[in-house]
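Asks: Attaching a predicted model along with its sequence, questions to come.
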Amino acid sequence: MTEPIRIGLAGAGRAGWGMHCQELEDKKHLFTIVAACDLIESRRDAMAERYGCKTYERLEELMADPDVELVDVATRSSDHSAHGLLALAGGKHVFMEKPLACTYEEAQLLLEAERKSTGKLYVRHNRRFDPDFLHVREVMESGILGDIYAIRLCRHGYQRRDDWQTIMAYGGGQLLNWGPHIIDHGLRLLESPVAELWTDLKRVAAVGDAEDHVKIIMKGQNNRLVDLEISGGVAEPSPQYAVYGARGTMTVMDGQMSLRYLDPAVPLMEKQADPGTPGETFGSVENLSWRTETVPVAPAKSYNIWEELYRSIRLGETFPIALEEALEVMRVISETKRASAFTG
């Protein structure tokens with residue numbers, strides 16, 4: 001490892017101070033916060049006290065600081081595109097909190113700016129490294145569930161939310177809040193370009209004018225279906241993951257994985273459809289050999305997005321979240337918005 005990457009934090013609120021700074025506590029050998037920018041003086045004072053860093057009220061001053069190597073954008077969603085463009089124009093690396101932008105068109109502008117900049121753009125789809133998502137992928141890849149034909153993803157809760165993330169003008173709504181994470185999961189699990197898309201947005205429990213209930217069904221060119229639902233209006237949550245295969249099913253709920261699948265060591269009997277007059281049963285009787293397991297979520301391999309970011313910037317390794325993948329997430333988000341009443 002070489003010297004730590006010098007971070008300038010743009011936005012010291014819930015994401016910047018509450019998440020990014022906390023995650024960096026045990027990464028001080030990789031990153032050091034040298035500057036921070038926020039409109040609120042008390043937040044600037046807190047950053048200066050904790051990190052001994054320079055603080056700025058205006059983002060242009062942060063961007064002009066020669067000590068800042070990487071701009072960590074943790075401002076409101078509606079500001080992400082403008083702040084990312086400003087940083088890239090100054091030749092800085094950018095670590096963009098989700099969403100990458102508020103629209104597909106804004107996201108395209110960011111990618112074009114990155115191609116012209118000496119800096120690199122990285123998107124913080126950190127939920128791609130959640131243990132349950134990683135473990136689900138490992139089970140799918142093992143083949144024990146057989147050919148995967150449908151997947152259901154849910155993030156449910158009930159909250160009469162009333163902050164800025166309920167207001168469309170600021171990039172509010174579940175589609176731009178949990179949406180980038182779960183749509184990214186869905187696209188990764190689809191393992192195919194999207195062939196068909198069906199969407200529905202509703203406001204159920206939150207105030208403001210943005211949606212708090214998102215339903216998206218994606219059908220891949222491989223004929224696999226991903227049904228995802230993100231809602232702040234569901235009082236009894238469904239499993240976070242349900243994966244349906246030709247030989248079994250897997251569900252994940254609150255850190256526990258349940259599987260029921262046909263024993264791969266027991267061959268299935270040969271069967272053919274019988275066009276004759278049926279007997280007293282629906283089809284011929286067959287005793288299937290099922291295996292049932294309930295295990296804690298524990299993927300064989302884990303990742304940390306900050307460590308991946310460091311290796312990409314310092315060591316030139318490929319960042320595992322490609323910009324083209326983040327752009328596809330934004331395309332799905334924009335298509336979903338356009339088909340709804342929540343267009344902003």
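Replies: Ah, there it is.
Asks: in this structure, which spans are helices?
Replies: For the chain, the helices defined by DSSP state H cover 21-23, 41-51, 59-64, 80-89, 104-116, 131-142, 174-177, 179-190, 305-315, 323-338.
Asks: Show me what the last one is packed up against.
Replies: It refers to helix 323-338. If you count contacts as 3 or more Cβ pairs under 8 Å, 6 or more residues apart in numbering; DSSP states H and E, helix 323-338 packs onto helix 104-116, strand 121-124, helix 174-177, helix 179-190, strand 194-202, strand 213-220. All C-beta spots, glycine's among them, are computed from the backbone N, C-alpha and C.
Asks: again with the third one
Replies: Judged by 3+ Cβ pairs under 8 Å, 6+ apart, helix 59-64 is in contact with strand 5-10, strand 31-37, helix 80-89.
Asks: Who does the first one pair with, and is each partner parallel or antiparallel?
Replies: In the sheet, strand 5-10 lines up against strand 31-37 (parallel), strand 70-73 (parallel) (DSSP bridges).
Asks: quick revisit: for residue 162, find the nearest of the helices and strands packed on helix 323-338.
Replies: With Cβ to Cβ as the criterion, residue 162 lies closest to helix 174-177 of the helices and strands packed on helix 323-338, at 13.9 Å.
Asks: Check the offset of stretch 118-137 from the chain's centre.
Replies: In terms of Cα atoms, centre = their mean, to the nearest Å, the centre of stretch 118-137 is found 7 Å from the chain centre.
Asks: So for it, what gets flagged as buried?
Replies: Neighbour counts over stretch 118-137 (16 or more other Cβ atoms under 10 Å) mark 119-130, 132-137 as buried.
Asks: Restricting to C-alpha, output it in PDB.
Replies: Output in PDB follows, covering the C-alpha atoms of stretch 118-137 (Å, rounded to 0.1, in the frame of the first residue of the first chain):
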ATOM      1  CA  THR A 118      -8.100  13.400 -15.700                       C
ATOM      2  CA  GLY A 119     -10.200  12.300 -12.700                       C
ATOM      3  CA  LYS A 120     -12.300   9.100 -12.400                       C
ATOM      4  CA  LEU A 121     -15.900   8.700 -11.500                       C
ATOM      5  CA  TYR A 122     -16.900   6.000  -9.000                       C
ATOM      6  CA  VAL A 123     -20.500   5.200  -7.900                       C
ATOM      7  CA  ARG A 124     -21.300   4.100  -4.400                       C
ATOM      8  CA  HIS A 125     -23.500   1.200  -5.000                       C
ATOM      9  CA  ASN A 126     -22.200  -0.200  -1.700                       C
ATOM     10  CA  ARG A 127     -25.200  -2.500  -1.200                       C
ATOM     11  CA  ARG A 128     -23.800  -4.700  -3.900                       C
ATOM     12  CA  PHE A 129     -21.400  -6.000  -1.200                       C
ATOM     13  CA  ASP A 130     -24.100  -6.700   1.400                       C
ATOM     14  CA  PRO A 131     -23.600 -10.200   2.900                       C
ATOM     15  CA  ASP A 132     -27.100 -11.400   2.000                       C
ATOM     16  CA  PHE A 133     -26.700 -10.300  -1.600                       C
ATOM     17  CA  LEU A 134     -23.300 -12.000  -1.900                       C
ATOM     18  CA  HIS A 135     -24.600 -15.200  -0.300                       C
ATOM     19  CA  VAL A 136     -27.600 -15.300  -2.600                       C
ATOM     20  CA  ARG A 137     -25.300 -15.000  -5.700                       C
END
